[in-house]
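Undergrad: Need coordinates for the below:
(chains A and B)
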Amino acid sequence: MESYIEPVAQFFGAAWPLVWSLLKIVGIIAPLFLCVAYLTLAERKVIGYMQVRIGPNRVGPYGLLQPIADGVKLLLKEIIIPSGANKSLFIIGPVLALGPALAAWAVVPFSEGWVIGNVDAGLLFLLAITSIEVYGVIIAAWASNSKYAFLGGMRAAAQMVSYEIAMGFALVCVLMISSSLNLTDIVNNQNKGQFADMGLSVLSWNWIPLFPMFIVYLISGIAETNRAPFDVVEGESEIVAGHMVEYSGMAFALFFLGEYANMILVSALTSILFLGGWLSPVGFLPDGFIWLALKTSFILFLFLWFRATFPRFRYDHIMRLGWKVFIPLTLFWVVVVAVWVMSPLSIWK
Amino acid sequence: MDFQAVVFYFLATVVVLASLRVITAKNPVHAALFLVLAFFSAGGIWMLLHAEFLAIALVMVYVGAVMVLFLFVVMMLDINLERIRQGFWSYLPIGALIGILMLAEMVVVLGSRYFGLEHVPQPAEFPAGYSNTKELGRLLYTDYVYPFELASIVLLVAMIAAVALTLRKRKSVKALDPAKQIAVKRDDRVRIVSMDAEKK
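TA: I've put the predicted structure just below:
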């Protein structure tokens, strides 16, 4: 591998670090978009089977080319900019909705050493980047100059800001027991302890000692990505797709891609923070990227399963769950974990 | 000029231009968004100074929370731009005076001759594995623990006061209590009445 890279590196000279970073970014973004495309197909298939339907099966064998067809359709459609809209912000909105969802992958480790930026403040970086996501929604909602879009945007922004707090406190618990903000260290710390020594690392992952936080993080993740049953943001029956109502063609597709990219991000983060990332659950199987992919797929399946199962929450119930249930619960659990870590009963020494 | 210098000048240019647009933009929403851009780029500059915790905290707190709420308010208000601009000339003298005073103070503080910047030694190279976040945490919770706790108490008081100010009972609110809703039994709502069939 090294011998192949060396002559190319010499060809680019001083620009090589930049080129190499760009190549690594493409290496993550391109498969990510493929995953997003096939996640939409998986969603339609999974929900189809849950509702005793077949789902898309017309384009290609088993409907496997359906996402490609959808992509081409969206690319060829006209982008209509409403005459009353604020043109520049109208275009920036969807870009800002997708951008942070991609930028966050910079610190996500896929396996030991497989990470673009192995930064020590990785968890903080993630918190900051995911808090910017809300701008895409707000800007799109305001720039559309439409009441439906504005109401939807307000709902989305309020929901995302509220659930971010609970997610943040859940992350505080994780970083306290890992005593590190580096995501690679957080994963490696989950491979220590009594059970990991016995070859059962599945029992030493964070999801057992931090079970309430795991559940809170998972549910907040669903609310944060505005997925069912917390999808009042789109609310077809009352505000017809919310902040996306004025968008067409590729501009709409960017929101769509952003939502699915965020789903994959939240699932990958849940796997890394609570389910041991790329660690294998039992000692006799090797660790590797495949485990992270499996865990992420399982959580993505939960997203789809919830969508097929639960009816939509009413908006005041969503807010109540966020502010009156999750935030007090996480605040209390932060104290519990802090005491636990400092006490002689600590299992993370 | 090395890579860091290029990044610094790029970020600095964005900060200056965005800050200028904050005060010159006619639309208040645009002004608020330019402020967001300025915060974000300033965060980038701090990152260049190895102050990653402060940079990320700036983005998280100001960009992610404060400016979102700010935008909420600005977007909801129906601001009449004509009326805001009416008093421009009458306020100009006092505004200019304050501006010049602030500029003079900044020149005094930042001008290297008065501040002795040339006597400040070159900062030491950071050792490998240096974590700005860890150092900051260690200092805050050891050397500066009392001022830090005091500041957090002041913030807590301000927070409770803000909540208390908005806390009022309105009678017209139709909010439901989910606990009461769940506690409802069938017998509370439904009454089975047994009646004889009507005779024809």
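
Undergrad: can we go C-alpha only for contacts and neighbour counts from here?
TA: Fine.

Undergrad: Would you agree A:Ala223 is in contact with A:Val233?
TA: No. Contact criterion CA atoms under 8 Å: A:Ala223 and A:Val233 do not qualify, at 10.1 Å.

Undergrad: neighbour count winner among the two?
TA: Of the pair A:Ala223 and A:Val233, A:Val233 is the one with more neighbours under other CA atoms under 10 Å in any protein chain shown, namely 27 against 23.

Undergrad: which residues of the chain fall in helices?
TA: All of this is about chain A. Here chain A has its helices, by DSSP state H, at A:2-12, A:16-50, A:66-76, A:87-103, A:122-143, A:147-178, A:183-189, A:194-197, A:211-224, A:236-239, A:249-274, A:289-309, A:315-320, A:327-342.

Undergrad: Let me rephrase: I mean chain B.
TA: So, for chain B - with DSSP H - the helices run B:3-24, B:28-48, B:52-58, B:67-76, B:81-86, B:88-110, B:112-115, B:132-141, B:145-166, B:178-183, B:186-189.

Undergrad: Next, the buried residues of the longest one.
TA: If you call a residue buried by 16 or more other CA atoms under 10 Å in any protein chain shown, then helix B:88-110 has no buried ones at all.

Undergrad: Of the helices of chain A, which is nearest B:Val14?
TA: helix A:87-103 (17.0 Å; CA to CA).

Undergrad: Flag the shaky bits of the chain, pLDDT-wise.
TA: No chain specified, so I'll use chain A. For chain A, residues meeting the criterion pLDDT under 70 lie at A:1-3, A:235.

Undergrad: not what I meant, chain B
TA: Flagging of chain B using pLDDT under 70 yields the residue ranges B:1, B:79-82, B:84, B:112-120, B:123, B:128-129.

Undergrad: Give the burial count for the residue lying closest to A:Gly288 once chain neighbours are set aside, as a bare number.
TA: Leaving aside its chain neighbours, A:Gly288 sits nearest to A:Trp278 (5.2 Å; criterion: CA to CA, 6 or more residues apart in numbering or on different chains). Around A:Trp278 sit 25 other residues, with neighbours defined as other CA under 10 Å.

Undergrad: And A:Trp278, how close does it get to A:Leu265?
TA: Distance, A:Trp278 to A:Leu265, by CA to CA, to the nearest Å: 15 Å.

Undergrad: what's around B:Ser131, how many residues?
TA: B:Ser131 has 18 neighbours, counted by other CA under 10 Å.

Undergrad: nearest residue to it other than its sequence neighbours?
TA: Once flanking residues are discounted, B:Ser131 sits nearest to A:Asp120: 6.8 Å by CA to CA, 6+ apart.

Undergrad: Can you give me every residue that contacts the one you found?
TA: Listed by CA atoms under 8 Å, 6 or more residues apart in numbering or on different chains, the contact partners of A:Asp120 are A:180-182, B:131.

Undergrad: re the thing from before, right, and the helices of chain B - which one's nearest A:Ser162?
TA: That would be helix B:67-76 among the helices of chain B, by CA to CA, at 11.5 Å.

Undergrad: Tell me which of the helices of chain A is the most buried.
TA: helix A:122-143 (a mean of 25; mean count of other CA atoms under 10 Å in any protein chain shown).

Undergrad: So which elements touch that helix?
TA: Identification of packing neighbours for helix A:122-143 by 3 or more CA pairs under 8 Å, 6 or more residues apart in numbering or on different chains; DSSP states H and E yields helix A:87-103, helix A:147-178, helix B:52-58, helix B:67-76.

Undergrad: Point out the other helices and strands that the third one packs with.
TA: Spelled out, it's helix B:52-58. Using 3+ CA pairs under 8 Å, 6+ apart, helix B:52-58 sits against helix A:122-143, helix B:28-48, helix B:132-141.

Undergrad: Output those in CSV, with distance to B:Glu198 appended to each entry.
TA: Listed next are these as CSV, based on distance: least, CA to CA, whole Å:
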stretch, distance to B:Glu198
helix A:122-143, 60
helix B:28-48, 70
helix B:132-141, 82
